[in-house]
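**Q** give me the fold of what follows.
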Amino acid sequence: MKTNNIKKVKTAMAALFVSLIPLASCLIISCENDPYMYQGTDAVWLSGDVQQSATTDSVLFSFKANGDIKETTMNLIVTLVGNISDKDRAFKLEVVGDETNVSAGDYEIGNTILPAGKRSVTIPVKIKRSVSSVDLTKNMAKLTLKVTPTDELIAGIIERSKYAIVWCDYLIKPDWWDRTIDYYIGSFTQAKYKFILDFANMTSYVFDDYSSIFGFQAKLVNLLNEYNSNPANANRPEGWPYLDDNGQPLRFGN
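**A** Next up is the predicted model:
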């Protein structure tokens, strides 16, 4: 009796396997003809490094917020659309002239090669604090790059075929400085933000409630009072007392 049951199970499994063969064949044929399966020329698209606060189509860097460095490297990420190859492949980046205001000597672009076996590569783009055509203490420099076709790789996702690297030598209002912060410590100014960066010694600017905002305001007021009461600051370029952008003594609050 037990042997007969085993035979029945085996027979049923065999029949099921045979019945699935046509279905599997249909799936294979369907995939071969699926318009959403990638079948075109291999291509690449551009993005930035999220660790450098990059957005979808650009990245912004402030030299002023990063000490006395004279140059830095921004990461341009090039990603493959298509099939990974067993050999290195070259792609081409072209400067978009009407979306760029710097000269060739103001930046350096690394090798534009997608290595064998890789789906993406990070291209270093070195930018300089001093450029020939822009006063970075007042205006932003912009370098816009786009993918142009080669024999091996073309531009992939059209809206991601261009990427802009923007930089300056002044402080940029951070995202956390919203209307609430504005109300309690005052409107954003270069001097105010520089004081925070130089003296507040904070690694995070997350304010979950009004208590954290009040604490932030009190900390800044105390630090400013300490600065203004210390004669050792008399020869500092920020002034003594510490001066705001308009030449008046700095204050936190409205």
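**Q** can you give me the strands for the stretch 51-200 of the chain?
**A** 58-62, 71-81, 89-90, 92-95, 107-109, 113-114, 120-128, 141-148, 154-155, 162-168 (DSSP state E, counting those that start in this stretch).
**Q** want to throw those into CSV with distance to G215, mean neighbour count and mean pLDDT?
**A** (Each C-beta comes from the backbone N, C-alpha and C, glycine too.) Shown next, in CSV, are those (distance: least, CB to CB, whole Å; neighbours: other CB atoms under 10 Å; pLDDT from 0 to 100):
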stretch, distance to G215, mean neighbour count, mean pLDDT
strand 58-62, 26, 18, 96
strand 71-81, 33, 18, 96
strand 89-90, 54, 16, 93
strand 92-95, 47, 15, 94
strand 107-109, 42, 17, 97
strand 113-114, 49, 19, 94
strand 120-128, 37, 16, 97
strand 141-148, 37, 21, 96
strand 154-155, 50, 19, 84
strand 162-168, 31, 22, 97
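**Q** for P174, which of those is the nearest?
**A** Of all the strands of the stretch 51-200 of the chain, strand 58-62 sits nearest to P174, with 9.8 Å by CB to CB.
**Q** please enumerate residues in contact with that closest one?
**A** Outside strand 58-62, the residues within contact range by CB atoms under 8 Å, 6 or more residues apart in numbering are 48-49, 52-53, 72, 74, 127, 140, 163-172.
**Q** ditto for stretch 162-178
**A** Residues outside stretch 162-178 that contact it (CB under 8 Å, 6+ apart): 46-48, 57-65, 74, 76, 96, 99, 107, 125, 127, 129, 136-147, 188, 190, 193-194, 197, 205-207.
**Q** list the contacts for F91?
**A** In this structure, F91 makes contact with 44, 78, 112-114, 147, 150, 152-153, judged by CB under 8 Å, 6+ apart.
**Q** now do 6 Å
**A** By CB atoms under 6 Å, 6 or more residues apart in numbering, F91 lies in contact with 44, 112, 150, 153.
**Q** only the buried subset of those, as a PyMOL command please.
**A** This is how PyMOL selects the buried members of these, with burial counted by 16 or more other CB atoms under 10 Å:
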select buried, resi 44+112+153
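**Q** tabulate the contacts of F91 (TSV), appending distance to N201 and pLDDT.
**A** Formatted as TSV, the contacts of F91 follow (distance: CB to CB, whole Å; pLDDT from 0 to 100):
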residue	distance to N201	pLDDT
V44	42	93
T112	41	94
T150	49	86
L153	47	87
